[in-house]
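# Give me a 3D structure for the following:
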Amino acid sequence: MKTLKFPTSHTTQLMDISDQVKEAVITSGVKEGVCVVFTPHTTASVFLFENADQNLRRDLLSALSTVIPSDGKYSHVGSNAAAHLKSSRMGASVSIPVHEGRPMFGKWQGVFFGEFDGPRQAREVVIKVIAG
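Just a heads-up that it's a prediction; the model follows:
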């Protein structure tokens, strides 16, 4: 198991962590199985997304802000209800098949960490590669 630890620099941002996931799979030595990528935060997400066009990342953040505005009327006691809602919508984990020692991403697919309540000094993503 590998844990990535890193800061974030914006209130909302998407970070492509595909290279770190690929490295974790390769160094695990697992040839056939599954790679689980998970974040333990309730205001952040891990999800699969298109990784070629950076503009699409901006579009996703914009769409999420339209559907779940930061200044919406929420019952949550804190000021970060929108971050919790965005995170729950995007998900906390993904499972990726591992074949011949490599994660099986689609041609335009990558693993992303979504920050919805930043900036934060210490965010974590756990990567577990399981033989099977």
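# Mind giving me the packing neighbours of the helix or strand hosting Asp19?
For Asp19, the element it lies in under DSSP states H and E is helix 18-28. When contacts are defined as 3 or more C-beta pairs under 8 Å, 6 or more residues apart in numbering; DSSP states H and E, helix 18-28 packs onto strand 2-6, strand 32-38, strand 102-103, strand 109-115, strand 123-131. The C-beta positions use only the backbone N, C-alpha and C, and glycine is treated the same way.
# Mean pLDDT added to those, as TSV?
Converted to TSV, the helices and strands packed on helix 18-28 look like this (pLDDT from 0 to 100):
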stretch	mean pLDDT
strand 2-6	98
strand 32-38	98
strand 102-103	98
strand 109-115	98
strand 123-131	98
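# Which one, of those strands, ends up nearest to Asn55?
Closest approach to Asn55 among these is made by strand 109-115 (14.5 Å; C-beta to C-beta).
# quick one: that closest one to strand 123-131, angle?
Here strand 109-115 runs at an angle of 150 degrees relative to strand 123-131 (axes from the mean of the first three to the mean of the last three C-alpha atoms, to 10 degrees).
# hang on, the earlier thing: I'd like the distance from the helix holding Asp19 to the chain centre, please.
15 Å (C-alpha atoms, centre = their mean, to the nearest Å).
# What's the biggest helix in the protein, counting residues?
The longest helix of the chain (DSSP state H) is helix 54-67.
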